[in-house]
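[1] Need coordinates for the below:
(one chain, ligands or ions: 1)
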Amino acid sequence: MAKTIYIAGLGLIGASMALGIKRDHPDYEILGYNRSQASRDIALERGMIDRATDDFASFAPLADVIILTLPIKQTIAFIKELADLDLKEGVIISDAGSTKSAIVEEAEEYLAGKPVRFVGAHPMAGSHKTGAASADVNLFENAYYIFTPSRLTSHGTLEEMKDLLSGLHARFIEIDAKEHDRVTSQISHFPHILASSLMEQTAVYAQEHEMARRFAAGGFRDMTRIAESEPGMWTSILLSNRETILERIADFKERLEAIGQSISKGDEEQIWNFFNQAREQRQAMEIHKRGGVDSSYDLYVDVPDEEDVILRILELLRGTSLVNIHINEENREDVHGILQISFKNAQDMERAERLITENTDYTVVIK
Ligand code: NAD
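    Numbers count the residues shown, from 1 in each chain. You can find the predicted model right below:
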């Protein structure tokens, strides 16, 4: 039976979800809320949604499923608003917020006793881009789509959600909301703080040591990539997961202190162990396996510094969809090749490797 789905917030996440839902359920009606006209227009013009509104409450009673894809604070505000609306009986309410405890706790409080179902969710995919214009039907492909079931997640809710979202091609997983926030504080929230601190420290240092800007290369780039993330989103993430993040900061200070002491004592063995342990731990971690979260398929080509060389490679790759192309300029000490091309999947990367090795004599490295 065709359903009516209401997506509130037609930003990167909401609009990409609308596209994913349409892929497997073209007969479902998708309603969209957005406060700004621009994203509403884009979503309508590109067929992501069937009808749009800037009045959140107006479409809510029509929906079988309501998905709030808004900043965390606004998600909570709309959950409170939904509690006072006359919704369809058994409607499923879900969200996409990057932290879960605050949202789930508010939902449990405000929606309790109402004839509605609720399941918190966090699709672990995204980019620094925002707005409906950046929507991508493949955004969630192979990414973890985390559900955080709670008292209002009655029997059958998850199955219905998984069926609704099958076109996202994501990997569904369930975890307790608090545990979600602990785990993400370590592997996502705290690394963002570190990347931005390192970036800020370097920028200040570079005011006096101009060469710092010029010498910053691959390692520095990898460490600070996420410092380009959207500030508003990260502010609300930190503010909605304070306690756990503060714990991570305290723990890290101790670690920095310990390595500082090893250096000050000149303890070669301790320093060696520090690096060796981290190396072994990283090598054993999931991030080395293809298909993990955020994994991309990178191919490096050692091209000569000649005119038109990049054009030639792109010409060879015509028809292969690539996600990114990067020229590692100047410092080649820690890069595998000057031209880095990223692909969405292994097939495209292997096709590209074959085409380049068959048609050129450049060295190609897959890492
Ligand atoms: P976005 O900036 O692309 O979209 C946010 C949407 O919320 C926009 O449509 C905006 O108009 C609307 N909005 C913002 N403030 C509002 C307000 N006060 N009232 C009404 N509408 C408002 O952001 P996004 O990346 O789509 O993020 C949406 C949610 O998804 C956030 O909770 C975020 O934590 C979560 N999330 C983001 C990512 C990511 O990497 N981008 C990944 C996973 C989860």
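
[2] Tell me who's in contact with Asn324.
    Applying CB atoms under 8 Å, 6 or more residues apart in numbering to Asn324 gives the contacts Ser296, Gln340, Ile341, Ser342. Bear in mind the C-beta positions are built from the backbone N, C-alpha and C, glycine included.

[3] JSON lines please, covering those and showing distance to Thr360 and pLDDT.
    Shown next, in JSON lines, are the contacts of Asn324 (distance: CB to CB, whole Å; pLDDT from 0 to 100):
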{"residue": "Ser296", "distance to Thr360": "23", "pLDDT": "70"}
{"residue": "Gln340", "distance to Thr360": "16", "pLDDT": "86"}
{"residue": "Ile341", "distance to Thr360": "13", "pLDDT": "90"}
{"residue": "Ser342", "distance to Thr360": "19", "pLDDT": "89"}
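
[4] Name the member of these with the most neighbours.
    Tallying neighbours with other CB atoms under 10 Å puts Ile341 at the head of the contacts of Asn324, with 26 neighbours.

[5] Columns distance to the ligand and secondary structure on top of the contacts of Asn324, output as CSV?
    Shown next, in CSV, are those (distance: CB to the nearest ligand atom, whole Å; DSSP: H, G, I helix; E, B strand; the rest coil):
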residue, distance to the ligand, secondary structure
Ser296, 15, coil
Gln340, 22, strand
Ile341, 23, strand
Ser342, 17, strand
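
[6] Could you list which residues are in contact with the nearest residue to Val309 once chain neighbours are set aside?
    Distances taken as CB to CB, 6 or more residues apart in numbering put Val303 closest to Val309, at 4.8 Å, once the chain neighbours are dropped. Val303 sits next to Val309, Ile310, Ile313, Gly337, Ile338, Leu339, Tyr362 when contact means CB under 8 Å, 6+ apart.

[7] go again using 7 Å as the cut-off
    Applying CB atoms under 7 Å, 6 or more residues apart in numbering, we find Val303 in contact with Val309, Ile313, Ile338, Leu339, Tyr362.

[8] mind checking how far the residue in the stretch 201-350 of the chain that the ligand sits nearest to is from Ser188?
    The stretch 201-350 of the chain approaches the ligand most closely through Met233 (5.2 Å), counting by CB to the nearest ligand atom. Distance from Met233 to Ser188, counting by CB to CB, to the nearest Å: 12 Å.

[9] How about Val91?
    Distance from Val91 to Ser188, by CB to CB: 30 Å.

[10] if we can go back for a sec, with distance to Lys265 added, can I get the contacts of Val303 in CSV?
    Shown next, in CSV, are the contacts of Val303 (distance: CB to CB, whole Å):
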residue, distance to Lys265
Val309, 50
Ile313, 50
Ile338, 41
Leu339, 44
Tyr362, 47
